[in-house]
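A.B. asks: Build the 3D model from these lines:
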Amino acid sequence: MAFTQPRQTKNDWSDEDEECEMELDLGSKTIEKPLDGGGLWSNVITEQLLEEGTSTISSLVNNKSARGVEAYSVPQNAKVSDGEKKDVPEFDKKKFCADLFSNFNGGEGEDFEFGVNGSGTKHPNFDSIKKNKRKKEYTKKPYTKNNATTFKINPKNQKTERYADKTILYKLPESCDNDTLVKAIAEGLSERCLELIERSVYILGQDRCRELFEMVRQTEINGGMKTLDERRRRSPGGIYIYHIKNHPDITKQQKKCIVNPPKNTEDVNIANDK
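C.D. replies: Predicted coordinates:
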């Protein structure tokens, strides 16, 4: 099949004009690479998605922020309108828990095994919950300063001031009888055992007991004295007994009668004579 270009007049004819002929052969394979329709449509869809995304970003930037320079990131404080928001499912905690424990007791045909029913929902053991609650109520609370009811303090053992300071500042009466001196020494030493002080006064005499009391005062002024195992500090009464045992002018019989009194009164009289 041939196509020819018509000429209007004879003067238009020239040797340079050539006949334009184009043959169309539908059966010939002139196109080597066929068109990929699937790839073409994917490219079109990708372009549409990119255009929609860029238009959304540009609208957000132009409407919600004013900037003087070019930027390629959406500002964090930009707010999306209701029309631009996507439908995202929200997690409802109350509804989830209600659906989870709606069939708590289970049906008639469901079997409970190891605390779990057939659908996998765990059912509680109310007896264990009550027992654990009772254990928590009766647990021993740790000691605190504000918790006055935890430990009961014996008022007899409670001292309002440090007894070492009391011994240092205490002064014995200069002239008095034995009973008054016994009470004064016991008060100055914060000693509750009056019999010990009484035996020392009656066996050793007032002058020796005043000397022992002054030795106790000097020991407390120098920092006190610890026990043999060095785990605690000696009381003024303990220091008083220590000086009685280690005094060079006090005999063994007198020491024994004061610290470990004998049952027979004859031994006490012998110690007084010495």
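A.B. asks: hang on, Arg233 packs against Met225?
C.D. replies: Yes. Counting by Cβ atoms under 8 Å, Met225 is a contact partner of Arg233 at 7.2 Å. (C-beta placed from N, C-alpha, C; glycine too.)
A.B. asks: If you count surrounding residues, which of those two has more?
C.D. replies: Met225 (16 against 13; other Cβ atoms under 10 Å).
A.B. asks: State the pLDDT value of the more buried one.
C.D. replies: Model confidence at Met225, given as pLDDT, is 88.
A.B. asks: check contacts around it.
C.D. replies: Thr219, Arg233, Arg234, Gly238, Ile239, Tyr242 (Cβ atoms under 8 Å, 6 or more residues apart in numbering).
A.B. asks: one more time with 7 Å, if that's ok
C.D. replies: Thr219, Arg234, Ile239, Tyr242 (Cβ atoms under 7 Å, 6 or more residues apart in numbering).
A.B. asks: Quick check: mean pLDDT of the host helix or strand of the last one?
C.D. replies: In this case it means Tyr242. Per DSSP states H and E: Tyr242 is located in helix 236-246. Averaged across helix 236-246, the pLDDT comes to 91.
A.B. asks: which residues touch that helix?
C.D. replies: Here helix 236-246 has contacts from 163-164, 167, 189-191, 200, 212, 215-216, 219-220, 225, 234, 250, 255, 258-259, using Cβ under 7 Å, 6+ apart.
A.B. asks: what about Arg208, neighbour count?
C.D. replies: 17.
A.B. asks: So for it, what's the pLDDT?
C.D. replies: 93.
A.B. asks: isn't there a helix covering it?
C.D. replies: Yes. Arg208 sits within a helix when classified using DSSP: H, G, I helix; E, B strand; the rest coil.
A.B. asks: how near is it to Arg232?
C.D. replies: Applying Cβ to Cβ, to the nearest Å, one obtains 28 Å for the distance of Arg208 from Arg232.
A.B. asks: Ends of stretch 231-241, what's the gap?
C.D. replies: Using Cα to Cα, to the nearest Å, one end of stretch 231-241 lies 18 Å from the other.
A.B. asks: Tell me the buried residues in that stretch?
C.D. replies: Arg234, Ser235, Pro236, Gly237, Gly238, Ile239, Tyr240, Ile241 (16 or more other Cβ atoms under 10 Å).
A.B. asks: got CSV for the residues you listed, with distance to Thr180 too?
C.D. replies: Below are the buried residues of stretch 231-241 laid out as CSV (distance: Cβ to Cβ, whole Å):
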residue, distance to Thr180
Arg234, 26
Ser235, 23
Pro236, 19
Gly237, 19
Gly238, 24
Ile239, 22
Tyr240, 18
Ile241, 22
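A.B. asks: Nearest to Leu181 among the residues you listed?
C.D. replies: Tyr240 (13.5 Å; Cβ to Cβ).
A.B. asks: My guess is Lys226 contacts Ser235. True?
C.D. replies: No. Using Cβ atoms under 7 Å, Lys226 is not in contact with Ser235, being 11.3 Å away.
A.B. asks: Low-confidence bits of the stretch 101-250 of the chain, can you list those?
C.D. replies: 101-161 (pLDDT under 70).
A.B. asks: And the strands in it?
C.D. replies: With DSSP state E, counting those that start in this stretch, there are no strands along the stretch 101-250 of the chain.
A.B. asks: ok, back up a step: closest one to Ala184 out of the contacts of Met225, please.
C.D. replies: Closest approach between the contacts of Met225 and Ala184, by Cβ to Cβ: Ile239, at 16.9 Å.
A.B. asks: Average pLDDT for stretch 262-269, rounded please.
C.D. replies: pLDDT averaged over stretch 262-269 gives 62.
A.B. asks: Figure out the helix or strand that Leu49 lives in.
C.D. replies: Residue-wise, Leu49 maps onto helix 37-64 under DSSP H and E.
A.B. asks: do Cys257 as well
C.D. replies: helix 252-259.
A.B. asks: in that helix, what counts as buried?
C.D. replies: Gln253, Gln254, Lys255, Cys257, Ile258.
A.B. asks: Run through the neighbouring helices and strands of that helix.
C.D. replies: helix 194-204, helix 236-246, helix 265-273 (3 or more Cβ pairs under 7 Å, 6 or more residues apart in numbering; DSSP states H and E).
A.B. asks: Good, we can wrap up now.
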